[in-house]
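> My questions concern the predicted model and sequence given below.
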Amino acid sequence: MSNVETRPVERTVCDGPPPVPGEPDTELLEPREVPLGGPRGMLVRRSLPHRDRRMVGAWCFADSYGPEHIAGEAGMQVPPHPHTGLQTVSWLLEGEVLHQDSLGSRRTVRPGELNLMTAGAGIAHSEQSPPGHPDVLHGVQLWVALPERDRDGPAHFEHHAGLPAVREAAGTVTVLMGELAGAVSPARACTPLVGAEVALNGTGPLRLPLEPGFEHAVLALSGAPAADGHPVAPGAMLHLGRGRRELT
């Protein structure tokens with residue numbers, strides 16, 4: 001027995017795996033197609049969780065979809081379902097998605113806007129293409145695992161119609177969550193992280209400053225971008241590991 005007072009060490013669900021000696025500097029995670037909202041739902045490309053990597057930092061889930069031509073069709077129809085212990089990050093390049101939840105929130109997300117739902121101890125929501133929706137749907141949904149201190153907290157929903165952007169000669173970087181290149185998102189982040197859309201204009205390389213203590217990954221949504229010289233097909237994710245201060 002010891003007379004020294006000890007306190008339990010707080011552990012979170014979002015720490016991710018510890019650094020592994022010899023871990024590859026880059027790792028390409030190919031997506032798999034899964035139906036969204038049931039066996040007959042719209043197909044999405046799921047790159048996280050992956051058989052080779054469960055998380056990237058606190059990011060634990062990544063689905064990308066489209067561009068899907070849904071003229072005259074129902075489009076996205078995800079019925080009410082529950083979540084606990086995470087945040088859902090909804091971001092569109094084209095189209096509209098109507099979010100409704102058990103808090104009474106009802107908000108349509110459009111390109112350039114952010115829907116962020118913090119589930120906490122529990123929330124239910126649905127996601128649907130609204131009546132009269134645009135002809136094309138193209139976007140991504142990401143999940144963030146909440147740390148232990150927040151995973152049983154109150155549920156919360158927020159919508160951000162304007163987000164900070166960094167404009168460079170080679171493209172525009174919009175910061176969804178966290179901080180990048182001096183731009184800070186107003187979205188609620190419960191753990192240190194960064195999420196950003198990088199829109200290249202094809203005029204040359206774009207260089208981003210990175211936090212070396214973070215894991216980073218690039219998820220391609222369209223075109224044929226190359227990150228650190230590695231081509232990334234739409235839906236695939238290039239894991240970049242830790243220790244980087246810059247990414248081209």
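Nice, I can see it.
> for the chain, what spans make up the helices?
Secondary structure of the chain by DSSP state H: the helices cover 148-151.
> what pairs with the lowest-mean-pLDDT helix or strand in it, and is each one parallel or antiparallel?
The helix or strand of the chain with the poorest confidence is strand 32-36; it has a mean of 91 (mean pLDDT, DSSP states H and E). Strand pairing for strand 32-36, determined by DSSP bridges: strand 42-48 (antiparallel).
> What is the distance between the partner strand and the centre of its chain?
The chain centroid and the centroid of strand 42-48 are separated by 13 Å, computed with CA atoms, centre = their mean, to the nearest Å.
> Flag every buried residue along it.
Burial within strand 42-48, assessed by neighbour count using 16 or more other CB atoms under 10 Å, is assigned to 42, 44, 45, 46, 47, 48. (Each C-beta comes from the backbone N, C-alpha and C, glycine too.)
> what residues are up against the third one?
When you say that, I think you mean residue 45. Applying CB atoms under 8 Å, 6 or more residues apart in numbering, we find residue 45 in contact with 31, 32, 33, 63, 64, 65, 234, 235.
> quick revisit: quick one: residues in contact with the least confident helix or strand of the chain.
Strand 32-36 is touched from outside by 41, 42, 43, 44, 45, 46, 63, 65, 76, 78, with contacts defined as CB under 8 Å, 6+ apart.
> So what sits opposite the fifth one in the bridge?
According to DSSP bridges, residue 33, residue 64 are recorded as the beta-bridge partners of residue 45.
> So what's the predicted local confidence for it?
The score at residue 45 is 96. That number is its pLDDT.
> Let me know the distance separating it from residue 77.
Taking CB to CB, to the nearest Å as the criterion, residue 45 is separated from residue 77 by 18 Å.
> Work out which residue lies at the spatial centre of this structure.
The central residue of the chain, meaning the one whose C-alpha is nearest the mean C-alpha position (CA atoms, centre = their mean), is residue 142 at 3.0 Å.
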